[in-house]
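Asks: model this:
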Amino acid sequence: CTVAGLIGKRGSGKTTLLKALTLKSRRCLMWDWRGGEYQGDVVTLWDLPDLFRGKRFRAVLRPHRDYTLISYFDAACSLIMDTGRDFTFCIDEAANVVQGRKEGGLGLLLRCSRPNGVNLLWATQRPTGIPTTFLSETSTLYLFRLHHWADLQALRTMVDAETLAKLPTLEPHKFLSVSL
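Replies: As a prediction, this is how the structure comes out:
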């Protein structure tokens, strides 16, 4: 299974690459916390068990207004662990679904979903806002433009100094791929 992280400033091209990476997946669920970023059938938590029984799907999961963002996302992760098999789950702005750098539902998926065949693609603007487990459980990083010193430092144990030095000068939609 694939676990890939996309990291870069707003407007750097992360969402464009996330969409491109999901095109080959015949079964794909996208977490769209803002609404309108991704194409597919909009589903709720209650739809997920039926969705996962299908041979093909391209669906968008949006948070329900009656729940907090994090509690809804964590409930989705729990359902994915219980009923999801052999599909790709794409999470844009992963830092929004962790509270105080606690792992929550996404941390559980990162550590435990591989036997179920769940590919995970996550993106964030700020690597300092996510738990270090996210980086340690990721097999590939797609690094877009970053210039904030703390963000670059957060990556220094995973990425060589030469690669880190290139990140502040990357043009929009240009990225470096690092296998971990």
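Asks: element containing the residue lying closest to Leu152 once chain neighbours are set aside?
Replies: Residue nearest to Leu152 in three dimensions, not counting chain neighbours: Leu164, with 5.4 Å by CB to CB, 6 or more residues apart in numbering. C-beta: built from backbone N, CA, C; applies to glycine. Counting by DSSP states H and E, the secondary-structure element that holds Leu164 is helix 161-166.
Asks: on that earlier part again, spit out the contact partners of the residue nearest to Leu152.
Replies: Contact partners of Leu164, counting by CB atoms under 8 Å, 6 or more residues apart in numbering, are 152, 155-156.
Asks: out of the residues you listed, the closest to Glu103 would be?
Replies: Proximity of the contacts of Leu164 to Glu103 was ranked by CB to CB; the top entry is Leu155 with 18.5 Å.
Asks: list phi and psi for the closest one.
Replies: With angles defined as degrees, to the nearest 10, Leu155 shows backbone torsions of phi -100, psi -10.
Asks: and the residue nearest in space to the middle of the chain, what's its pLDDT?
Replies: For the chain, the residue whose C-alpha lies nearest the mean C-alpha position (CA atoms, centre = their mean) is Trp122; its distance is 1.4 Å. If you check Trp122, the pLDDT there is 95.
Asks: work out for me the element the nearest residue to Val43 once chain neighbours are set aside sits within.
Replies: The spatially closest residue to Val43, leaving aside those adjacent along the chain, is Ala59, at 4.7 Å (CB to CB, 6+ apart). With elements delineated by DSSP H and E, Ala59 resides in strand 57-61, which encompasses its position.
Asks: okay, the angle between the following helix or strand past that strand and strand 57-61?
Replies: Remark: after strand 57-61, the chain's next helix or strand is helix 69-83, criterion DSSP H and E. With axes from the mean of the first three to the mean of the last three CA atoms, to 10 degrees as the criterion, the two stretches helix 69-83 and strand 57-61 enclose an angle of 150 degrees.
Asks: now do whatever helix or strand comes next after helix 69-83 and strand 57-61, the angle between them.
Replies: Along the chain past helix 69-83, the next helix or strand (assigned with DSSP H and E) turns out to be strand 87-91. Inter-element angle recorded for strand 87-91 and strand 57-61: 30 degrees (by the same axes, to 10 degrees).
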